[in-house]
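Participant: Let me see the structure of the following:
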Amino acid sequence: MSVRVERDEKTGVAVVTLDRPDRHNAVDLETAAELSSLWREFRFDEDVRAVVVTGAGSAAFCTGIDRSVEVPQPASPYSIDDPMIAIGPKANDLWKPVVAAVNGMACGGAFYLLGEAEFIVSSTTATYFDPHTSYGMVSAYEAIYMAQRMPFGEVARMSLMGTAERLSAQRAYEIGLVSELAEPAELLAAAERAARTLAGFPTGAVQGTVRALWAAKEAARAQALAQAPHLIALGNLPPERQAELFGARRPRSTDFRVR
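Facilitator: Residues are numbered from 1 along each chain as shown. All right, here's what the predicted structure looks like:
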């Protein structure tokens, strides 16, 4: 199992941990299926009234899809199979509140999860970035999710600058992407504290409020996401060229700027 779940029936909080620290909690096909199944399971679990999602270890919350994954694609130019689409709670019709606890790097496909959380509690040492353009890939889904959480100029810069820059936790807090900062050792406790508060309120009122909040931006999000597969099909380099660029990356700490 690549996703670890701890339920506290007394508080009503479940902690979901991406448990692939050796791969920086990157999502493979098994992890994607586990997350999708888990969110749908929570819909029927009355003992779970709020959720915290985090990543194992201190290096990364999630670094997107595992680069070793091969996803077969249909021959049709009008569709793309993306296993990441269904890894978030809203994609699986879960309207119980989800708090993200971000430790270390959060990049690329991590925004599928962060984009569907109610709010983010961040370690002071976390960083946020989107590497797609650096490797000849269109940032479509990720940019759309973040455009609903960040000022336009900030998400545009992050999406376009690729691996050249990382957004610091402090800057993410200043622009409203992050709602609370915590020292690394206190991160999970801070997120669980917020989740316990949410779980302690009447769940019907909480879920209704979550649904109302998402309804406020649902039409724009749905229309934008409908364009994403076409933009990816048109703009992505061939997979073998992406692999060349990825293989040639220089992972030294001096290769990017934190702002």
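Participant: what about the strands in this structure?
Facilitator: Assigned by DSSP state E, the strands in the chain fall at 3-8, 13-18, 50-55, 60-62, 98-102, 105-107, 119-123, 127-129, 165-168, 180-182, 257-258.
Participant: Next, the angle strand 50-55 makes with the second one.
Facilitator: Yep, that's strand 13-18 we're talking about. If you take axes from the mean of the first three to the mean of the last three C-alpha atoms, to 10 degrees, strand 13-18 sits at 20 degrees to strand 50-55.
Participant: What pairs with strand 13-18, parallel or antiparallel?
Facilitator: Strand 13-18 has its sheet partners listed here by DSSP bridges as strand 3-8 (antiparallel), strand 50-55 (parallel).
Participant: Need the contact partners of that strand.
Facilitator: The contact list for strand 13-18, computed with C-beta atoms under 8 Å, 6 or more residues apart in numbering, reads 2-8, 25, 27, 31, 35, 38, 42, 45, 48-56, 61-62, 188, 192, 195-196, 199. The C-beta positions use only the backbone N, C-alpha and C, and glycine is treated the same way.
Participant: Give me the mean pLDDT for it.
Facilitator: Mean per-residue pLDDT for strand 13-18: 98.
Participant: One more: the first one?
Facilitator: Strand 3-8 shows a mean pLDDT of 97 in the predicted model.
Participant: now that strand, how far from the chain's geometric center?
Facilitator: Its chain's C-alpha centre and that of strand 3-8 lie 18 Å apart, by C-alpha atoms, centre = their mean, to the nearest Å.
Participant: Flag every buried residue along it.
Facilitator: V3, V5, R7 (16 or more other C-beta atoms under 10 Å).
Participant: Looking at those residues, spot the one nearest I87.
Facilitator: Nearest to I87 among these is V3, at 10.0 Å by C-beta to C-beta.
Participant: What about A50, how many residues nearby?
Facilitator: Other residues near A50 come to 25 when the count uses other C-beta atoms under 10 Å.
Participant: That one reaches F42, doesn't it?
Facilitator: No: between A50 and F42 there is no contact under C-beta atoms under 8 Å: 9.9 Å.
Participant: Test my guess that G104 contacts S123.
Facilitator: Yes: G104 is within contact range of S123, at 7.2 Å (criterion: C-beta under 8 Å).
Participant: ok, the two, which is more surrounded?
Facilitator: Higher neighbour count among G104 and S123: S123, with 25 against 21, using other C-beta under 10 Å.
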